[in-house]
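# Here's my sequence, what's the structure:
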Amino acid sequence: VQLQASGGGLVQAGASLRLACHISGIQKDYYLIGWYRQGAGKEQEAVSCISASDGSTYYADAVKGRFTISRDEDKNAVYLQMDSLKPEDSAVYYCNLRYLTSRNEYWGQGTLVTVSS
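Got it, this is the predicted structure:
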């Protein structure tokens with residue numbers, strides 16, 4: 001399984017960005033695809049995830065109402081639409097795929113999001 005994250009950049013507070021995670025080599029199984037982030041000097045935190053089986057989603061409290069995760073099965077891609085960005089959203093964002101049966105997980109390379117005030 002390979003994950004390729006993209007879409008990061010430098011924006012001003014209040015702007016929007018859309019991150020994309022393109023995935024290849026998926027095996028037929030139940031899995032979650034999620035976005036995590038790690039800011040400078042901070043621990044990694046879960047931002048959002050989506051279930052491949054039923055499309056249910058999870059959002060961290062810090063991003064609820066501002067971020068939207070979505071999935072395009074045809075393109076094997078997961079997106080994170082980030083609106084009303086705040087400086088505290090600045091971080092390296094990573095996409096992750098976790099199989100629910102084997103618990104194997106895979107990470108993409110990070111994409112840097114920097115939000116200026």
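
# Need the residue closest to the centroid of the chain.
Nearest residue to the geometric centre of the chain (CA atoms, centre = their mean): Trp35, 2.5 Å.

# Remind me what the helix or strand harbouring that residue packs against, helices and strands.
Taking DSSP states H and E as the definition, Trp35 sits inside strand 31-38. With contacts taken as 3 or more CB pairs under 8 Å, 6 or more residues apart in numbering; DSSP states H and E, strand 31-38 sits against strand 17-24, strand 45-51, strand 77-82, strand 91-99. Just so you know, the C-beta spots here come from the backbone N, C-alpha and C atoms, and that holds for glycine as well.

# how about the first one: buried residues?
Spelled out, it's strand 17-24. Using 16 or more other CB atoms under 10 Å as the test for burial, strand 17-24 gives 17, 19-23.

# what do you get for the second one?
The neighbour-count check on strand 45-51 (16+ other CB under 10 Å) flags 47-51 as buried.
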